[in-house]
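# fold the following.
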Amino acid sequence: MNFRELRFARAMEFTIHEINNRTDLLPGITLGYQIHDSCAEVPMATKVALQFANGMEPFFNDTDSCSKSAASAVPALVGDSVSTSSISVTRMLGLFGIPQVSHYATCACLSDKRQYPAFFRTIPSDHHQAAALAKIVKYFGWTWIGAVRSDTDYGNIGMASFLKAAQEEGICVEYSEVFYRTDPRSKLERVANVIRRSTARVIVAFLASGEMRVLLEELARQPPPSLQWIGSDAWITHPEFLKYNMCAGAIGFGVPRSVIPGLREFLLDLSPAQALKSPLLTEFWESSFSCSLKGSSGGARECDGSEDIRALQNPYTDTSQLRATNLVYKATYAIAHAIHGVICNDTQCDKSAKFAPWQINWIPLHQRFPQVH
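Just a heads-up that it's a prediction; the model follows:
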């Protein structure tokens, strides 16, 4: 289980509870929600998009306060974290005019409103990141570099933008390699050997965290000479990579750190009984404590109640660097404000108002949330 992604999902849940307790935003209206797990894979993202559009049972929902008709008319979606999955989802839901607001899908291709008219995000396009990475390479005088990227929309389009910007800055690229984390081992070995044998000691890695992890593990089998890593946002601030000495001194651009008051207590306010209500939370509890909750199908020892969630140290409980998590928070608020603009006036909301997702007016939202684009 990806504990970091679970934190993103629960941050949306926290934000919705916060919105429901406000009197100035959607007064008298209770927002419900559904959580679907895309597993960071395109086929699963397509499947859950279909489930979403057809009102099929999600992994977790909190729509008890909503009528079935209201629950089926879902006006918007938060996610996905992955560009390629987001493309798959927005192509599907965009046919129904259902807006999607992503917190972490950065592919520049998603800025094309002709192809993706219902897609919005709270994180900048990679077009800006690629240009900035080329500037920083030029600033330090590194004119002979290597490049490696994920074989995804994020990696391929992001690296293409970087290479174009690097050429304009007079930077020479010795090699540009591409792979995906599920590729045959032989391909990964070949990429690692290209890096080991190259004369370039600076390497720009436009990689998702999954690809970066397997590349570092492969390089560690026969470590190359010291490398200066230039990282893309997907991994450069990821705490997991602090354990790799090879990454010491890596530089790049990341989402600013933020503080969300009350989020940590919300994440830690989880009991075994609450965890059993959701397959996702059940999996989290059982994998975190290596035990089986009563009533679940796990084969481990039964949880005995001595488990202390506050003692856990993993990406779910780590709120010291809320970066993308804050973008989930903003995305959820953006949707709430957009709905407010449709069914509410200055003082009250029309509880009986019926509207289609495509009727949501996002124009005023750009004025309140300039980062939503």
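# can you give me the helices for the stretch 151-300 of the chain?
Using DSSP state H, counting those that start in this stretch, the helices of the stretch 151-300 of the chain run over 153-168, 185-197, 209-219, 233-236, 263-268, 272-275, 279-289.
# what of the stretch 1-150 of the chain?
3-20, 42-54, 68-72, 83-93, 126-139.
# ok, and what's touching the first one?
Where contact means Cβ atoms under 8 Å, 6 or more residues apart in numbering, the residues beyond helix 3-20 that reach it are 25-26, 30-33, 35, 40, 62, 78, 81, 103-104, 260, 262-263, 266-267, 280, 284, 288, 314-316, 319, 324-325, 328-329, 331-333, 336. For the C-beta atoms, the positions are set from N, CA and C on the backbone; glycine is no exception.
# which among the residues you listed end up buried?
Buried members of those, scored by 16 or more other Cβ atoms under 10 Å, are 25-26, 31-33, 35, 40, 62, 78, 81, 103-104, 260, 263, 266-267, 280, 284, 288, 315-316, 319, 324-325, 328-329, 331-333, 336.
# worst mean pLDDT among the helices of the stretch 1-150 of the chain?
When the helices of the stretch 1-150 of the chain are ranked by mean pLDDT, helix 68-72 comes last with a mean of 46.
# residue contacts, the closest residue to residue 102 other than its chain neighbours?
Spatially, and ignoring its direct neighbours in sequence, residue 102 is nearest to residue 121 (4.4 Å; Cβ to Cβ, 6 or more residues apart in numbering). Residue 121 makes contact with 101, 102, 103, 105, 106, 110, 331, 372, 373, according to Cβ under 8 Å, 6+ apart.
# state the distance from the last one to residue 332.
Using Cβ to Cβ, to the nearest Å, one gets 16 Å for the distance from residue 373 to residue 332.
# over to the second one?
Counting by Cβ to Cβ, the gap between residue 102 and residue 332 amounts to 12 Å.
# from the contacts of residue 121, pick the one nearest residue 130.
Nearest to residue 130 among these is residue 106, at 10.0 Å by Cβ to Cβ.
# mind checking how far the nearest residue in space to the closest one that is not next to it in sequence is from residue 116?
Leaving aside its chain neighbours, residue 106 sits nearest to residue 126 (4.6 Å; criterion: Cβ to Cβ, 6+ apart). Residue 126 is 15 Å from residue 116, where distance means Cβ to Cβ.
# which of those two has more neighbours?
Using other Cβ atoms under 10 Å as the criterion, residue 126 and residue 116 rank with residue 126 on top: 30 against 18.
# wait, what's in contact with the spatially most central residue of the chain?
Nearest to the geometric centre of the chain sits residue 81, at 2.5 Å (Cα atoms, centre = their mean). By Cβ under 8 Å, 6+ apart, residue 81 lies in contact with 5, 8, 40, 102, 103, 104, 105, 324.
# per-residue pLDDT, it?
96.
# pull the contacting residues for the residue nearest to residue 134 when sequence neighbours are not counted.
What sits nearest to residue 134 in space, not counting adjacent residues and going by Cβ to Cβ, 6+ apart, is residue 165, at 3.6 Å. Contacts were defined as Cβ under 8 Å, 6+ apart; by that measure residue 165 touches 130, 131, 133, 134, 135.
# among those, find me the one that's closest to residue 228.
Set against residue 228, the nearest of these by Cβ to Cβ is residue 133 (12.8 Å).
# now the contacts of residue 165: which count as buried?
Buried residues within the contacts of residue 165, counting neighbours by 16+ other Cβ under 10 Å: 130, 131, 133, 134.
# average pLDDT for stretch 332-340?
Stretch 332-340 carries an average pLDDT of 93.
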